[in-house]
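Enquirer: A structural model of the following input is requested.
(one chain, ligands or ions: 1)
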Amino acid sequence: MHASYLLAGARFEAARQLPADWFEPQFASLHGHSFRVQLRVENIHTNQAGLAETLQRAVQPLNYASLNQHMASVDDLAIAEHLSEQLSFPHSLTLTSAPERGVILDNGTRLVWLNAGFEAAHQLPHVPAGHKCGRLHGHGFGVRLVADAASANHIDLAAAWGRLFLRLNHRYLNDIPGLANPTSEVLAQWIYRELSADLAGLAWVEVRETHTAGSQFDGHSFRIWKEQHFESAVPFDAEGNYTGHSYLIRLMLQGELDGAMGWLLDFGDVKDRFKPVYRQLDHNPLDRLAGIRNGHPASVAEWVHAELSPLVPELARVDLMERDERGVSVLFKDNMRWPLL
Ligand SMILES: Nc1nc2c(c(=O)[nH]1)N=C([C@H](O)[C@H](O)COP(=O)(O)OP(=O)(O)OP(=O)(O)O)CN2
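Expert: All right, here's what the predicted structure looks like:
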């Protein structure tokens with residue numbers, strides 16, 4: 001068995017007012033947010049129902065409340081820490097205060113993150129003839145910057161990104177020095193290097209090239225992911241009744257960059273190699289696949305790893321979501337605990 005984590009999330013609506021001298025002056029007025037909190041907990045500490053219940057108990061007093069009445073400080077990190085204190089087991093917690101910003105508490109590390117993006121054209125010059133990415137095409141790229149909260153705040157992230165945005169937005173990326181082969185991996189590394197020169201504490205950069213694929217670079221290692229949906233039935237109760245879920249599976253790979261191609265493995269190849277596994281999962285009852293215990297998501301993730309890793313040895317982590325706020329993350333290599341947000 002590999003290290004297996006439960007994922008759970010909850011949302012709450014709340015008002016807050018930061019002090020008059022807060023570094024983002026707009027937050028000094030009374031205002032409201034739709035907050036989201038996501039937890040990751042190793043499954044040795046609790047089960048899915050216990051985790052959901054604990055999370056609801058922590059969040060419920062804050063829902064439709066004035067946060068200033070519940071805690072002395074109401075900035076994102078303080079809210080995350082307040083929630084974290086309600087939990088009796090080790091965890092990693094992500095708080096999203098707006099679609100573009102939030103914080104992470106992970107193993108004693110406090111991180112801030114900012115979502116940004118740019119629109120640009122590119123082509124990949126080294127792909128085999130006929131590969132669609134060899135043609136001139138473009139994307140609305142998503143970017144996430146994550147930094148140590150001891151060194152940087154959201155204003156620092158936004159200012160650093162603002163300088164880079166002007167160099168990337170509405171450009172043909174291949175013309176930019178250092179981006180002659182602008183894969184997601186090369187872009188994440190390029191953004192990391194450009195920003196880390198004057199942004200203290202930059203932890204990692206994510207580039208989301210399409211809605212289903214992206215890459216991360218932390219100054220040392222590359223990770224990529226490819227997501228797919230499948231529709232399956234699973235046992236619901238002891239009487240043998242079934243229910244169903246629209247699953248999201250995220251296949252995460254870690255490895256060396258192929259120097260010639262500028263990628264870890266073609267997203268398209270990940271999808272192609274996964275196809276035979278996908279066919280067994282999609283529109284099927286999961287518990288009837290050999291080795292899948294009751295269709296439990298962790299055993300589905302283990303099964304996927306057993307089937308796929310001979311073809312994709314870089315497979316390092318499988319996240320499987322039964323729905324938006326409930327799933328598992330199973331780790332097959334060290335150092336894959338990073339949240340994917
Ligand atoms: N490891 C990488 N693989 C690929 C990259 C890359 O940057 N790194 N880039 C491409 C293409 O630019 C392409 O636009 C994106 O590929 P893909 O995920 O295959 O796109 P799809 O639209 O086909 O995705 P689906 O959601 O699965 O339809 C190719 N590979």
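
Enquirer: other SSEs contacting the helix or strand Val304 falls within?
Expert: Per DSSP states H and E: Val304 is located in helix 297-308. Applying 3 or more C-beta pairs under 8 Å, 6 or more residues apart in numbering; DSSP states H and E, one finds that helix 297-308 contacts strand 242-255, helix 267-281, strand 315-323, strand 326-331. Glycine gets a C-beta too; all of them are placed from N, C-alpha and C.

Enquirer: List the contacts of that helix.
Expert: If you take C-beta atoms under 8 Å, 6 or more residues apart in numbering as the criterion, helix 297-308 is touched by 1-2, 4, 43, 249, 251, 273-274, 276-277, 280-281, 286, 289, 291-293, 315, 318-320, 322, 327-330, 332.

Enquirer: Repeat that for stretch 190-201.
Expert: Outside stretch 190-201, the residues within contact range by C-beta under 8 Å, 6+ apart are 143, 145, 147-152, 156-157, 160-161, 164, 178-179, 202, 204-205, 207, 217-219.

Enquirer: For that stretch, buried residues please.
Expert: Using 16 or more other C-beta atoms under 10 Å as the test for burial, stretch 190-201 gives Trp190, Ile191, Tyr192, Glu194, Leu195, Ser196, Leu199, Gly201.

Enquirer: in what helix or strand does the fifth one lie?
Expert: Taking DSSP H and E as the definition, Leu195 sits inside helix 184-196.

Enquirer: Put the alpha carbons of that helix into CSV.
Expert: What follows is helix 184-196, C-alpha atoms only, in CSV (Å, rounded to 0.1, in the frame of the first residue of the first chain):
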residue,chain,number,x,y,z
SER,A,184,4.2,24.0,-20.5
GLU,A,185,7.3,22.7,-18.7
VAL,A,186,9.7,25.1,-20.4
LEU,A,187,7.2,28.0,-19.6
ALA,A,188,6.9,27.0,-16.0
GLN,A,189,10.7,26.9,-15.7
TRP,A,190,11.1,30.2,-17.6
ILE,A,191,8.5,32.0,-15.4
TYR,A,192,10.1,30.6,-12.2
ARG,A,193,13.6,31.8,-13.3
GLU,A,194,12.4,35.2,-14.4
LEU,A,195,10.4,35.8,-11.2
SER,A,196,12.8,34.2,-8.6
